[in-house]
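Participant: here is the input, now give the coordinates:
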Amino acid sequence: APSGLAMPNAGTAFGNLVDVESSRVGPKLRVASGDSASSYIIEKLSSDTPEAGDRMPKDRDPLAQADIDTIAAWIDDGANP
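Facilitator: Numbering: from 1, shown residues only. Coordinates of the predicted model:
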């Protein structure tokens, strides 16, 4: 998987995302548990800035804001498995 983002199962995905430095914009964390505003994944889901690169999901319609808000709430609540 590119940039250490293998996700063959939930445990591996969690381990590769939560409190792990982004390979693109380190030292920013992919998912900063307890802090969605500092989480690179929220930036990737929400914008097309040069810093973030292509919006996720790539080559697909953006997620609904309600879905992004759900992800942000999970992160803010501690990003527990």
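Participant: quickly note the distance from the residue lying closest to residue 76 once chain neighbours are set aside to residue 6.
Facilitator: Excluding its sequence neighbours, the residue lying closest to residue 76 (C-beta to C-beta, 6 or more residues apart in numbering) is residue 36, at 5.0 Å. Bear in mind the C-beta positions are built from the backbone N, C-alpha and C, glycine included. Distance of residue 36 to residue 6, computed by C-beta to C-beta, to the nearest Å: 23 Å.
Participant: when those two are compared, which one has more neighbours?
Facilitator: Applying other C-beta atoms under 10 Å to residue 36 and residue 6 shows that residue 36 carries more neighbours, namely 21 against 12.
Participant: could you check the pLDDT of the more buried one?
Facilitator: According to the prediction, residue 36 has pLDDT 97.
Participant: going forward, begin numbering at 300 instead of 1
Facilitator: Renumbered: residue one is now 300, and that last one reads residue 335.
Participant: is it in contact with residue 371, as I believe?
Facilitator: Yes: if you go by C-beta atoms under 8 Å, residue 335 and residue 371 touch, sitting 3.8 Å apart.
Participant: common neighbours of these two, please.
Facilitator: Residues touching both residue 335 and residue 371 (C-beta atoms under 8 Å, 6 or more residues apart in numbering): residue 341.
Participant: show me what residue 317 is bridged to.
Facilitator: When assigned by DSSP bridges, residue 317 has beta-bridge partners residue 330.
Participant: count of neighbours near it?
Facilitator: The number of residues packed near residue 317 is 19, by other C-beta under 10 Å.
Participant: the closest residue to residue 306 other than its chain neighbours: which element?
Facilitator: Nearest non-adjacent residue to residue 306, counting by C-beta to C-beta, 6+ apart: residue 312, 3.9 Å away. Using DSSP states H and E, residue 312 sits within helix 309-316.
Participant: hmm, who's touching the top helix by length along the chain?
Facilitator: The longest helix of the chain (DSSP state H) is helix 364-375. Helix 364-375 is contacted from outside by 330, 331, 332, 333, 334, 335, 338, 340, 341, 344, 345, using C-beta under 8 Å, 6+ apart.
Participant: what is the rounded mean pLDDT of it?
Facilitator: 97.
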